[in-house]
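Undergrad: Predicted model, plus sequence, below.
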Amino acid sequence: MNFPSLVERALRIAAVLLMTGLLASVVLGVVSRGLNRPFAWTDEMAQYLLVWTGFVGWMIAARRRSHIRIDVLIDRWPRPLRRLIEVAVQAAVMALAVALFLYSFALIERNLDIEWVSLPLSGALLYLPIPFAALVLIAQAAIEIRDALRGADAGPR
């Protein structure tokens, strides 16, 4: 199994685990409130899991080329110009991902000593997926740039 396949598999497993945890946290919160014995931590846990799920979803969508694209005008332009635009878009994505990567460590460090309101866990956990997401997005943007320069059209996989 090659590295991209391993990344894809790990992202799918992470998505399933995060969605399962999110569902369990929300259901547990609803049931415990219904029984008049609410768990204080379920809402906060669900919020953190939702953020993590968003980052994993972003990585999966980038890998599958399934982010929303509005290319009504671009499709009418000559192929070389479309390729140039795709390279520019992916370079912008890469620049964003590089900024996310560089600033994520300071964000994580600033939140290491801040605890969740409801559980004795570090607030840095909220920001932990950012550098991983940034690395995946940088790699994917590089692949997209390579493909665009080789003449492949952008579109869902």
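TA: Okay, I see it.

Undergrad: I'd like to know how far the closest residue to residue 28 other than its chain neighbours sits from residue 111.
TA: Leaving aside its chain neighbours, residue 28 sits nearest to residue 42 (5.3 Å; criterion: CB to CB, 6 or more residues apart in numbering). Placement of C-beta: from N, CA and C, glycine included. To residue 111, residue 42 is 21 Å away according to CB to CB, to the nearest Å.

Undergrad: Tell me which of those two has more neighbours.
TA: residue 42 (20 against 16; other CB atoms under 10 Å).

Undergrad: Can you check what pLDDT the model gives the more buried one?
TA: Looking at residue 42, its pLDDT reads 94.

Undergrad: Which residue of this structure lies farthest from its centroid?
TA: residue 36 (35.7 Å; CA atoms, centre = their mean).

Undergrad: SS state for that residue?
TA: coil (DSSP: H, G, I helix; E, B strand; the rest coil).

Undergrad: Surely residue 7 touches residue 133?
TA: No - counting by CB atoms under 8 Å, residue 7 stays clear of residue 133, with 11.7 Å between them.

Undergrad: So if I had to pick from these two, which one is more boxed in?
TA: residue 133 (23 against 16).

Undergrad: Just give the nearest non-adjacent residue to that one, would you?
TA: Per CB to CB, 6+ apart, closest to residue 133 is residue 55, 4.4 Å.

Undergrad: what's around the one you found, how many residues?
TA: Count around residue 55 with other CB under 10 Å applied: 21.

Undergrad: which residues does it contact?
TA: Residues near residue 55 by CB atoms under 8 Å, 6 or more residues apart in numbering: 129-130, 132-133.

Undergrad: Residue 11 versus that one, what's the distance?
TA: Counting by CB to CB, the gap from residue 55 to residue 11 is 10 Å.
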